[in-house]
Structure formats: structure tokens, C-alpha cells
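Enquirer: need a 3D model of the following:
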Amino acid sequence: MPNVIVAIVIAFIAARIGWRLYRRGHPAVDKPVKPLKPLSPTQKKFYTVWVFFAVNIKRLFRDRLALFFTFLFPLIFLFVFGGLNSGNKSVTFSVAIINESHTPFAKQFVQQLEKQKALKVDKTITTFAAANEKMSRSELDATIELPASFGDVKPGTTYPSGQAVVHYTNNNQSAAQTLTTVLQAELQGINVRLTHSEQPLSVVSKQKNERSLSAFDYTFTGLLGFSILGAGIFGPINIFPELKKMGILRRLHTTPLRVWQYFLSVMFGNAVSGLMSIAVMFIVAIALFHLKVVGNYFELGLFLVFSIILILGIGLAIGGWASNERQAAPLANIVVFPMMFLSGTFFPRYVMPHWLQSITGFLPLTPVIDGARLIATEGQHLTQLGPQLGVMAVWLVIVYAIAFRVFRWE
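Expert: Residues are numbered from 1 along each chain as shown. Below is the predicted model of the structure:
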């Protein structure tokens with residue numbers, strides 16, 4: 001993976017250098033300007049929107065900090081969560097084995113445990129003192145003790161017997177209980193072979209994920225929500241106060257430009273840049289982490305555009321109201337952090353208490369992530385996302401009504 005990242009960076013730098021060399025070798029030639037047809041009043045209004053849309057896009061690609069937070073910052077989280085959810089998905093336990101028995105069966109049992117994929121045995125630990133020290137630092141999940149009598153053949157029997165002991169600390173209680181269950185199942189299989197007894201009741205597990213989606217496929221939609229949240233809110237709250245401080249918005253206020261025209265141009269600019277950022281995330285996720293999308297890409301794209309416009313309204317309201325960065329940043333943090341941690345961005349909402357799930361279901365970002373996940377991982381269509389689209393539509397009206405009401409040119 002690091003080699004791929006380096007290759008992407010080198011390709012980007014080479015493309016920038018090649019483009020600059022090309023521009024130097026092929027200077028722009030002024031072409032005769034054709035007279036333009038007169039525009040109607042309606043066309044003039046939307047032409048103004050187009051001009052400011054182009055200005056916003058140019059400003060984005062000339063601002064290195066904006067490029068970083070728009071394209072590279074979401075990729076950092078993509079690589080982090082992609083690395084956490086890729087590779088070996090099996091659960092492993094870090095353990096030490098203290099074998100105080102000298103029976104052949106105990107030695108054979110230790111060898112069998114060392115071959116278990118679920119156990120990562122630390123062979124350097126041979127005493128309880130060393131094991132307890134590592135368990136206190138959570139470097140070990142538990143210590144398996146085989147007492148001196150483990151594997152002895154009791155009088156009147158023909159098979160070995162004994163009891164293994166799992167030692168653990170309070171900070172590893174959950175892992176130790178799971179490990180005890182694993183060892184019990186292992187010993188149960190040995191008991192059946194030794195005693196030749198039948199097991200009338202048993203349990204097996206069968207995977208029902210027919211599409212074979214990985215944990216990363218479900219996590220990716222949360223990362224999409226994080227990218228939309230960052231681009232839609234942090235963009236306007238950084239740009240608007242700066243433009244007010246430089247007096248640019250005050251000068252624009254003296255022109256025939258209307259608030260709706262300016263908002264519409266910013267909306268189109270953020271929708272385009274947001275889709276470009278999401279496209280980059282999709283390309284990286286598919287190429288490196290083998291992302292699988294079972295839904296329709298076109299419907300997913302339409303839903304994401306609607307989501308970007310919704311979240312952008314929050315950024316326009318905060319950035320349009322704030323006179324400077326000191327006002328915008330605290331208010332943005334108050335709005336962003338609850339949505340970031342309670343809308344299912346980094347961890348699923350079903351782990352929350354039921355009452356909290358009911359409340360967070362009405363946050364603006366929650367239907368965005370839920371809807372994207374339903375399309376991408378379950379193959380649902382827009383016509384099946386009535387609850388999500390309904391909540392988003394209500395929030396769209398609310399946030400843009402506030403944004404138009406509180407917007408200040410200076």
C-alpha cells in the first residue's frame with residue numbers, strides 16, 4: 001500500500017510538471033472575439049451564476065489548503081479504515097502458555113494450541129511473573145496454565161484428564177471469556193475422540209451474506225458522509241469570513257448580485273468539487289480495497305448530490321452569519337461533532353442505546369449515511385428511500401431558510 005501511495009503522489013507531481021512545461025512551450029494565442037448575442041434578463045441572472053461558479057472552482061484549485069482538505073484529507077481516513085477492515089478478518093488472541101505438566105498429552109496439547117489460527121502464542125514467556133506483567137499492560141489477553149496433573153491417566157481409566165486454567169485481568173475480561181469458550185470447544189472435541197461418546201446436539205454457523213460484502217464495504221458509506229460533511233461545512237465557514245475580512249463581499253453587495261445567485265453558484269461549485277472528491281475516494285477504494293457496490297451508480301450519484309446540497313446549506317448558514325473565523329469555528333464545531341460521532345460515520349448506530357438511536361435518526365447527516373448505505377450495499381432504489389429523503393427534504397428547507405435569513409455581506 002505505501003508503494004501505491006508513493007506512485008500516486010509521483011504521478012500527480014509529474015502531471016503538474018508536464019502541464020507547466022507544455023504551457024511554457026505553447027503560449028496562449030489571442031483569438032478574435034466574436035460578438036455575443038444580447039442576453040435576456042433571465043439569461044443574465046443565470047450567466048452571473050455561471051461566472052461565480054467558475055470563479056469558485058478556480059479558487060478551489062488555486063488554494064492548496066482547500067485541495068488538501070477536499071481531496072487528500074478524506075483519503076487519509078479512507079486508508080486508515082481501509083487498513084483496519086482489510087486483510088485477515090479472523091479474531092486472534094494473544095496468549096502465553098505455562099505448561100507445568102510433563103505428560104506427553106500436555107506437550108501434544110500445547111503443540112496443538114500453537115497451531116491454532118485463533119491463538120497468537122508468545123513463546124518467550126515461561127513464568128507467571130512475566131505473564132502477569134504483560135497482562136497488566138494489555139500486551140496479553142490471557143495466560144493458559146496447564147497444571148502438573150494435566151494429562152495424567154487416573155486409576156480405572158484409559159484416557160488422560162485434567163483441567164486447563166485461563167488467567168486474566170479485569171481489563172481483558174471479555175477477551176478471556178471468549179478464549180475460555182474457544183478452549184472449551186477444543187477440549188470438547190478431544191473428549192469426544194477419547195471417550196467415543198456421541199454428541200446428539202450440536203451447532204454450526206452459516207454465512208447468509210449472499211453478496212459477499214466486506215466490513216469495509218459498509219464502512220465506506222460512513223466515510224462518504226464524513227467527506228460530504230467536511231466539504232459542505234468547513235468550506236464555507238473558512239471562505240466566507242475571509243471574503244468578509246477582505247471586503248470582497250461588501251463590494252459585491254454594491255452590484256446587482258443577489259444572495260440567491262451567489263448561493264446557487266457556491267452550491268454548484270461545492271456539488272462539483274464534492275463529486276470529484278467522492279469519485280477519487282471510489283477509485284482508490286475499488287483499486288486498493290476492492291470495494292463492491294451492488295446498487296446503481298447513477299442513483300447513488302443523484303443521492304450524493306442532494307446530500308452535498310443539504311449539508312452545504314448548514315455551512316452557508318454558519319459562514320454567512322459569522323463575521324470572522326472566531327465566530328464561525330466554535331459554532332461549526334458544535335454542529336459538526338454531534339453529527340460526526342452520532343450519525344454512523346465511524347461506527348454503526350445500532351450499538352447506541354435505543355433512545356439515542358431515535359434522537360440521532362433526525363440529525364441531517366444520519367439519513368445521508370443511511371441512504372447511501374442502502375443504495376450501495378443493499379441495492380435499493382431512490383423510490384425506496386422515502387423516510388431518508390423526507391427527513392433530508394425537511395432539513396433542506398430549514399437550513400436554507402436560515403441561511404438566507406442570517407446571511408450578511410460584511
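
Enquirer: contacts for the strand ranked longest in the chain, please.
Expert: Looking across the chain with DSSP state E, the single longest strand is strand 93-99. The contact list for strand 93-99 (Cβ atoms under 8 Å, 6 or more residues apart in numbering) reads 106-107, 110, 113-114, 118-122, 125-128, 130-131, 134, 139-146, 175, 178-179, 182. From N, CA and C alone the C-beta is placed, and that goes for glycine too.

Enquirer: quick one: average confidence on the next helix or strand after it?
Expert: The helix or strand immediately downstream of strand 93-99 is helix 104-114, counting by DSSP states H and E. The average pLDDT for helix 104-114 rounds to 84.

Enquirer: could I get the buried residue list for helix 104-114?
Expert: Buried positions in helix 104-114, judged by neighbour count with 16 or more other Cβ atoms under 10 Å: Phe105, Ala106, Phe109, Val110, Leu113.

Enquirer: turn the residues you listed into JSON lines, including distance to Pro41.
Expert: As requested, those are exported to JSON lines (distance: Cβ to Cβ, whole Å):
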{"residue": "Phe105", "distance to Pro41": "94"}
{"residue": "Ala106", "distance to Pro41": "92"}
{"residue": "Phe109", "distance to Pro41": "88"}
{"residue": "Val110", "distance to Pro41": "87"}
{"residue": "Leu113", "distance to Pro41": "82"}
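
Enquirer: follow-up on the earlier one: just the angle between the longest strand of the chain and helix 104-114, please?
Expert: Relative orientation of strand 93-99 versus helix 104-114 (axes from the mean of the first three to the mean of the last three Cα atoms, to 10 degrees): 160 degrees.

Enquirer: hmm, back to that, looking at the buried residues of helix 104-114, which is nearest Gln261?
Expert: Leu113 (71.2 Å; Cβ to Cβ).

Enquirer: skipping adjacent residues, who's closest to the closest one in space?
Expert: Spatial nearest neighbour of Leu113, excluding adjacent residues (Cβ to Cβ, 6 or more residues apart in numbering): Leu119 at 5.8 Å.

Enquirer: likewise for Ala329?
Expert: Ile237 (7.1 Å).

Enquirer: name the helices or strands packed onto the strand or helix carrying that neighbour?
Expert: Ile237 is located in helix 235-246, with elements delineated by DSSP H and E. Counting contacts by 3 or more Cβ pairs under 8 Å, 6 or more residues apart in numbering; DSSP states H and E, helix 235-246 packs against helix 248-253, helix 259-289, helix 297-321, helix 325-342.

Enquirer: what about the residue of the chain positioned farthest from its centre, which SS state?
Expert: Most distant from the centre of the chain: Gly156, at 60.7 Å, with distances by Cα atoms, centre = their mean. When classified by DSSP: H, G, I helix; E, B strand; the rest coil, Gly156 comes out as coil.

Enquirer: tell me the pLDDT at it?
Expert: We have a pLDDT of 76 for Gly156.

Enquirer: got it, and the one 10 residues further on?
Expert: Model confidence at Val166, expressed as pLDDT, equals 85.

Enquirer: with Ser307 instead?
Expert: 90.

Enquirer: residues touching it, list them.
Expert: Going by Cβ under 8 Å, 6+ apart, Ser307 touches Gly225, Ile228, Val368, Gly371, Ala372, Met392.

Enquirer: number of nearby residues for the residue nearest to Leu113?
Expert: Neighbour count of Leu119, defined by other Cβ atoms under 10 Å: 20.

Enquirer: one more: Val351?
Expert: Quick note: Val351 (other Cβ under 10 Å) scores 9 neighbours.

Enquirer: with Ala287 instead?
Expert: Neighbours around Ala287, by other Cβ under 10 Å: 11.

Enquirer: I'd like the distance between it and Gly82.
Expert: 11 Å (Cβ to Cβ, to the nearest Å).

Enquirer: secondary structure element holding the residue most central in space within the chain?
Expert: Nearest residue to the geometric centre of the chain (Cα atoms, centre = their mean): Leu223, 3.2 Å. Assigned by DSSP H and E, Leu223 falls within helix 215-229.

Enquirer: what subset of the contacts of strand 93-99 is buried?
Expert: 106, 110, 113, 119, 121-122, 125, 130-131, 134, 140-146, 175, 179, 182.

Enquirer: quick one on the thing from earlier: for the contacts of Ser307, which one is nearest Leu67?
Expert: Ile228 (17.0 Å).

Enquirer: so how far is stretch 96-111 off the chain centroid?
Expert: 44 Å (Cα atoms, centre = their mean, to the nearest Å).

Enquirer: and this structure, split by domain according to the record?
Expert: Per the record's domain assignment (automatic domain parsing), the chain is made up of the domains 2-15+59-85+214-406, 93-195.

Enquirer: these: which one's closest to Trp50?
Expert: Nearest of these (Cβ to Cβ): domain 2-15+59-85+214-406, 7.6 Å.

Enquirer: quick one: distance of that closest one to the chain centre.
Expert: 12 Å.

Enquirer: burial count for Asn56?
Expert: Here the number of neighbours of Asn56 (other Cβ under 10 Å) works out to 20.

Enquirer: what's the distance between the helix or strand hosting it and the middle of its chain?
Expert: Using DSSP H and E, Asn56 falls within helix 41-62. Computed by Cα atoms, centre = their mean, the chain-centroid distance of helix 41-62 equals 33 Å.

Enquirer: still on that earlier bit, tell me which of the contacts of strand 93-99 fall in strands.
Expert: Leu119, Lys120, Val121, Ala142, Thr143, Ile144, Glu145, Leu146.

Enquirer: can you redo the residues you listed as CSV with distance to Arg59?
Expert: Shown next, in CSV, are the ones in strands among the contacts of strand 93-99 (distance: Cβ to Cβ, whole Å):
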residue, distance to Arg59
Leu119, 56
Lys120, 52
Val121, 58
Ala142, 57
Thr143, 60
Ile144, 62
Glu145, 66
Leu146, 69
